[in-house]
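S.K.: Need a 3D model of the following:
(one chain, ligands or ions: 1)
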Amino acid sequence: MPTLPLLLLSPTRLEAPFLKGQKFDFHGRAGLRGAGWVWLECGIGKANTAATLAAFVQRRRFERVLLFGIAGAYADSGLQIGDCALAEREIQADLGVRDGGLKGLGFPSLVVASRPYHNRFPLDKAFTDELKSKLGLPGKQFLTRDLVSENPSEAHQLARKWEADLENMEGAAFAQTCLWLGLAGAELRAVSNIAGVRDKAQWRIRQAVEALEHHILRIIGS
Ligand SMILES: O=C(O)c1cccc(C(=O)CC[C@H]2O[C@@H](n3cnc4c(=O)[nH]cnc43)[C@H](O)[C@@H]2O)c1
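M.R.: Numbers count the residues shown, from 1 in each chain. Down below sits the predicted model:
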């Protein structure tokens, strides 16, 4: 059993309104301390996420880190609005050449224990499997990019090209940072919208956050 607190990250505090704990501030990011867990807002996007996680764990000990938040589901993923899933792996879709990603440039973005990683980063298998079975959730392929899909056709092409189920803006940076620093990382997302649908009237952020609340409170045992 882990004795160190679980580190929880979410891009914004709007994705974690249900967490109650002792407030703290980390370089302008909101944080909370609870019994057996610490939550930190990491900011939207890859640079915010990687920098915040790396800076925060530099002087604090954690073994397990869970990124959670809302996401867009690709139409053929089998996921509906309000559904949750855990990442089996994250795809960094912005790096390298259009056809071939970083392999097309001929070098990896990360090497850990002699293994090269280009655009695909696995989440920690043991931690992810434990959460899948505890929460009864599926494992899916998550894709991360800086720009959100702006129409169904763009979303469809990305999903097909990368064989991805779900789109977000932080996860690949999180997975890469966890691999690099030797942290056991898992990622839980709730579907707030269908990727490529920009009409906010069709988004269900509250429903997605309620789904996150259900699972996160089970994880931290509240
Ligand atoms: O204005 C838009 O068209 C638009 C489209 C998608 C997402 C946004 C956001 O402001 C949310 C960014 C935030 O939430 C995650 N997220 C949620 N849905 C998606 C998505 O379909 N594609 C990418 N990211 C999504 C993301 O991880 C950010 O943290 C606005």
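S.K.: all contacts plus neighbour counts: C-alpha atoms, from now on.
M.R.: Will do.
S.K.: Next one, pLDDT for the residue sitting furthest away from the middle of the chain please.
M.R.: Distance from the C-alpha centroid of the chain peaks at residue 106, with 26.7 Å (C-alpha atoms, centre = their mean). Note for residue 106: predicted pLDDT of 88.
S.K.: quick thing: my sequence starts at 189, can you match it?
M.R.: Taking 189 as the first residue, the last one we looked at is residue 294.
S.K.: and the spatially most central residue of the chain, what pLDDT?
M.R.: The residue lying closest to the centre of the chain (C-alpha atoms, centre = their mean) is residue 359, at 3.6 Å. pLDDT, residue 359: 98.
S.K.: For it, give its distance to residue 389.
M.R.: Taking C-alpha to C-alpha, to the nearest Å as the measure, residue 359 and residue 389 are separated by 25 Å.
S.K.: same check, this time on residue 267
M.R.: Residue 267 sits at a distance of 19 Å from residue 389 (criterion: C-alpha to C-alpha).
S.K.: These two: who's more crowded?
M.R.: More crowded of residue 267 and residue 389, by other C-alpha atoms under 10 Å: residue 267, with 20 against 8.
S.K.: I figured the more buried one was touching residue 259, is that so?
M.R.: No - using C-alpha atoms under 8 Å, residue 267 is not in contact with residue 259, being 10.9 Å away.
S.K.: which residues sit in contact with residue 231?
M.R.: For residue 231, the contact set (C-alpha atoms under 8 Å, 6 or more residues apart in numbering) comprises 198-200, 217, 237, 240.
S.K.: and if you look at residue 240?
M.R.: 230-231.
S.K.: returning to what we had before: might one say that the residue nearest to the centre of the chain is in contact with residue 281?
M.R.: No - counting by C-alpha under 8 Å, residue 359 does not reach residue 281; the two are 11.0 Å apart.
S.K.: Quick check: neighbours shared by those two?
M.R.: Joint contacts of residue 359 and residue 281 (C-alpha under 8 Å, 6+ apart) are 331-332.
S.K.: Give me the contacts around the longest helix seen in the chain.
M.R.: Ordering each helix of the chain by length in residues (DSSP state H) puts helix 393-408 first. With contact meaning C-alpha under 8 Å, 6+ apart, helix 393-408 is reached by 203-204, 206, 224-225, 256-258, 269-272, 319, 323, 377-381.
S.K.: Out of these, name the ones that lie in helices.
M.R.: Filtering those for helices - DSSP H - leaves 319, 323.
S.K.: And the contacts of helix 393-408, which of them are buried?
M.R.: For these, a burial check counting by 16 or more other C-alpha atoms under 10 Å picks out 203-204, 225, 256-258, 269-272, 319, 323, 377-381.
S.K.: Which neighbouring elements make contact with the helix or strand where residue 373 lies?
M.R.: According to DSSP states H and E, residue 373 maps onto strand 372-382. Packing partners of strand 372-382 (3 or more C-alpha pairs under 8 Å, 6 or more residues apart in numbering; DSSP states H and E): strand 252-261, strand 272-280, helix 313-323, helix 359-369, helix 393-408.
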